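Chemist: Okay, here's the prediction I keep looking at, along with the sequence it came from:
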Amino acid sequence: MNAHRYDLMYHVEDSHWWYRGMEAITRAVIERAISNRRGLRILDAGCGTGAVMNYLADYGTVTGCDYSAEALHYSALRRHARLCRASVAALPFADASFDVVTSFDVLSDAGVADDETPLREFARVLDPVGADGGGGLLLLRLPAYRWLYSAHDTDVATERRYTARAVRAKLRHAGFTIEHVSYANMFLFPVAVLKRTSERFLPAAQATPDLHVEFGALNVPLRWLLRLEAPLVARTGLPFGLTVLALARSGRRAA
C-alpha cells in the first residue's frame, strides 16, 4: 500500500463508520474472551496506522509491528511507543511473549507471500498457558468471499478473501483450537453486493473506492447499524457478511 493510502486511513479511521463499527465488534469479541482481565501482553501484528492499538490499550500493554515504514510513521504520530518494523512471517519476538495477538486484514494483503507462515508465527509468540490458563488468544479479521473482490480491494492491496470454513481450516492446520468464528457486517451485505456487482458492468462505479466515499449524514446511522451486530457476532455469530472474525487458542485447550 502506498503512502497516500496510509495518509487517508490515518485521517478517516477515527470517524469513518466502518472503522468505528468494527471497533465495537472487536471489543465485544475480546471482552467476552478475556472477561475482566486486564494487564495483558498484546501484539497487534500488522498494526497499520495504529488506530486499533488505541483501544487495545484498554486491555493491557500493546506492541505494534508492521512491515511498512510509512504505516509505523503514522502509528508514531498517535504516540505509540512500542513499535517495530517486521514482517508477520518473521516476528522478532521470543516464544511465548504475548497473551493476545490480533491481526486485522493483514493475511489477506498482497504483501504477504503466504498466509500460513504468519499463523505459525502467531502461535509461536503466544504464551501456551495464556493469562487465564486456557492458552494464548488469537483474534483474526479478514475480508470475506472471493467473489466480492472489488476496486476497493485493489485500492488497499487486498489479494485474498476468505470463507469462515477456510479460516477454520487454516487455524487448525497451524495448531490452534477454534473458539469462535463469525461473519460480520451482515446488515449492509445486500447493499455492498449491489455496489460491487455494479462495478463489473458500470466502469464509472469503479472510480471511487470505499475509503474515498464521503458518507456525510449517513456516517452516524451506518456506524450504529454496524455496532448493532457486536453482541450477535460475539455470542451466537452471524451466518454471512463482508468480514470473517475468528477467535482461537494456542497451547492448552480452553476449558
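Modeler: Received the coordinates, thanks.

Chemist: contacts and neighbour counts: CA atoms only from here.
Modeler: Fine.

Chemist: tell me the helices in this protein, going along the chain?
Modeler: For the chain, applying DSSP state H gives helices covering 3-12, 17-34, 51-56, 69-77, 117-125, 151-155, 164-173, 189-198, 219-227, 230-234.

Chemist: Tell me the helices and strands packed up against the last one.
Modeler: Helices and strands in packing contact with helix 230-234 are listed as helix 17-34, strand 177-184; criterion 3 or more C-alpha pairs under 8 Å, 6 or more residues apart in numbering; DSSP states H and E.

Chemist: will you turn these into JSON lines that also has mean neighbour count and distance to Ala90?
Modeler: Output for the helices and strands packed on helix 230-234, formatted as JSON lines (neighbours: other C-alpha atoms under 10 Å; distance: least, C-alpha to C-alpha, whole Å):
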{"stretch": "helix 17-34", "mean neighbour count": "19", "distance to Ala90": "25"}
{"stretch": "strand 177-184", "mean neighbour count": "22", "distance to Ala90": "22"}
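
Chemist: Give me the contact list for stretch 170-187.
Modeler: Applying C-alpha atoms under 8 Å, 6 or more residues apart in numbering, the external contacts of stretch 170-187 come out as 116, 119-120, 123, 144, 164, 168, 225-226, 229, 233-234, 237-251, 253.

Chemist: same check, this time on stretch 218-226
Modeler: Residues contacting stretch 218-226 (C-alpha under 8 Å, 6+ apart): 16-18, 20-22, 185, 187.

Chemist: residues in contact with Asp132?
Modeler: Ile34.

Chemist: so what pLDDT did it get?
Modeler: Per-residue confidence (pLDDT) for Asp132: 83.

Chemist: Then the one 4 residues further on?
Modeler: Residue-level confidence at Gly136 comes out at 95, pLDDT.

Chemist: Same question for Asn36.
Modeler: Looking at Asn36, its pLDDT reads 87.

Chemist: burial count for it?
Modeler: Neighbour count of Asn36, defined by other C-alpha atoms under 10 Å: 8.

Chemist: Dihedrals phi and psi, it?
Modeler: phi -100, psi 10 (degrees, to the nearest 10).

Chemist: closest to Gly136 among the contacts of stretch 218-226?
Modeler: Met22 (22.3 Å; C-alpha to C-alpha).

Chemist: Test my guess that that closest one contacts Arg227.
Modeler: Yes. Using C-alpha atoms under 8 Å, Met22 makes contact with Arg227 at a distance of 7.3 Å.

Chemist: possible to save the helices of the chain as TSV with distance to Leu137?
Modeler: Listed next are those as TSV, based on distance: least, C-alpha to C-alpha, whole Å:
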stretch	distance to Leu137
helix 3-12	27
helix 17-34	8
helix 51-56	14
helix 69-77	23
helix 117-125	9
helix 151-155	28
helix 164-173	12
helix 189-198	28
helix 219-227	23
helix 230-234	15
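
Chemist: So for Asp109, which of the ones you listed sits nearest?
Modeler: That would be helix 151-155 among the helices of the chain, by C-alpha to C-alpha, at 9.2 Å.

Chemist: what's the average pLDDT for that closest one?
Modeler: Helix 151-155 comes out at a mean pLDDT of 75.

Chemist: how about it: buried residues?
Modeler: Of all the residues in helix 151-155, those buried under the rule 16 or more other C-alpha atoms under 10 Å are 151-153, 155.

Chemist: Can you give the distance from it to the centre of its chain?
Modeler: 17 Å (C-alpha atoms, centre = their mean, to the nearest Å).

Chemist: How about stretch 241-255?
Modeler: Using C-alpha atoms, centre = their mean, the offset of stretch 241-255 from its chain centre is 13 Å.

Chemist: so which of the buried residues of helix 151-155 comes closest to Ala71?
Modeler: Among these, and counting by C-alpha to C-alpha, the member closest to Ala71 is Asp155, at 15.6 Å.

Chemist: how close does the closest one get to Asp95?
Modeler: Between Asp155 and Asp95 the computed distance is 35 Å (C-alpha to C-alpha, to the nearest Å).
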